Each structure stands twice: as structure tokens, then as C-alpha cells.
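Enquirer: give me a model of this one.
(one chain, ligands or ions: 1)
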Amino acid sequence: MYKRDLATHPGGIFGPWKQIWKSNTLTKIKCFTWLVCRRACLTQERLKKRGFQIVSRCFFCHEKEETNNHLFLHCRVTSQIWYMFQSIIQYPWVVPEHTADLLNCWMRRGGSKTQKKWRNLVPSCIWWSIWKERNNRCFKNITNPMQKVKENCINTLFFWCKEEGIYEVDQVVDFLGSL
Ligand SMILES: [Zn+2]
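Expert: Got it, this is the predicted structure:
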């Protein structure tokens, strides 16, 4: 991406762009995180910008239009996953307007080396889980309860941390205890 382009984008030239590619995770997750921060996922917002005539509704709350920032940050239903991690990390924060700004703030937080490693995976993990569930609801007509989506999110984080050697525990319950 050119600097000129970045300067006019949420997150700006000092945004999370370098951190995304440096993070300890699979390339497909880095690419997906990049898309979320660039608001380039194929949400209804994106489809409308491409000229599709659709009545946009969020697949979670059914109240607001599905925009990138609504789906991944502000929806009252998907926010439950953010609240869950807020209580695990015990760090109060104000949700920014854009996903790029969130990642930027998130990556700059303190903590031990290990804490930083797993905490830096949290936004991508939440977005990944939300997007998978969103696509289940959109394309397969399958709606998992939010408790299940939260469990899937924790399991995904556990799997990623294990894969990257951040935590060596075998059970999710031990993983949660070590956070
Ligand atoms: Zn919503």
C-alpha cells in the first residue's frame, strides 16, 4: 500500500500495518486481519459500494446495517466477545471507531513478553470467529448461540497459542488458567 493511501485511511501511516505482518500467526490470519483493518472484507457495506442493490442488515443484531466497523467492533451482539476478553485481561478501554485504530491501540499495550504475544492475537481471533459465524448465518443458515461462538473463539486462541509455542498446555481449561 502506498504511503499516500495510508495517510487518508483510519490508522494512518502510523497504523498497525507493520505489526500485522510481524505478528506470530499464520499468513492467512495476517491477510484476514489486514482485510478487516482495511475494511475490505466482503461485508454488505462493501457489496453496496460495488453497486449491489441490497437491504443491508447485520446478521447478529438485525438492527443496524452491516458495515465492517459495526460487525467487528460496535454490534451489541458481537461486542459480547470483546467484553469477555476485557474481563479476562482486566483492562478498561473505549471502543474506537475503526478496526485499524483498535488494532493500533491494542498492539501498543504493555505486559510481559508472553502476555503481549497472546494478547496481540486476540483482535484477529475475535474477528476470525465473528466472520466465520457471520458466514454460517449468511450462507448456511446456521446460527450458533453466542455462548458457542465465544467458546469457539477461546478454542481458536488456544490452538493458535499452542501452534506458535506461546503456551505449552494441553487443555483449554489450563490455558485459561494461565492467562
Ligand atoms: Zn449488529
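Enquirer: do a quick rundown of the helices in the chain.
Expert: Remark: helices assigned in the chain by DSSP state H are 3-7, 17-22, 27-37, 44-49, 68-69, 79-89, 99-107, 113-119, 122-135, 146-163, 172-178.
Enquirer: of all those helices, which one is nearest the ion?
Expert: The ion sits nearest to helix 79-89 of all the helices of the chain, at 8.8 Å, using CB to the ion. Every C-beta, even on glycine, is put in place using the N, C-alpha and C of the backbone.
Enquirer: buried residues in that closest one?
Expert: I81, W82, F85, I89 (16 or more other CB atoms under 10 Å).
Enquirer: make JSON lines from those and add pLDDT and distance to the ion to it.
Expert: Below are those laid out as JSON lines (pLDDT from 0 to 100; distance: CB to the ion, whole Å):
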{"residue": "I81", "pLDDT": "95", "distance to the ion": "12"}
{"residue": "W82", "pLDDT": "93", "distance to the ion": "13"}
{"residue": "F85", "pLDDT": "90", "distance to the ion": "18"}
{"residue": "I89", "pLDDT": "84", "distance to the ion": "23"}
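Enquirer: go through the helices of the chain and find the least confident stretch.
Expert: When these are compared on mean pLDDT, helix 3-7 scores lowest, with a mean of 47.
Enquirer: enumerate every residue touching the spatially most central residue of the chain.
Expert: Centroid-nearest residue in the chain: W127, 2.5 Å away (criterion: CA atoms, centre = their mean). Shown in contact with W127 (CB atoms under 8 Å, 6 or more residues apart in numbering): F32, T33, V36, F72, T99.
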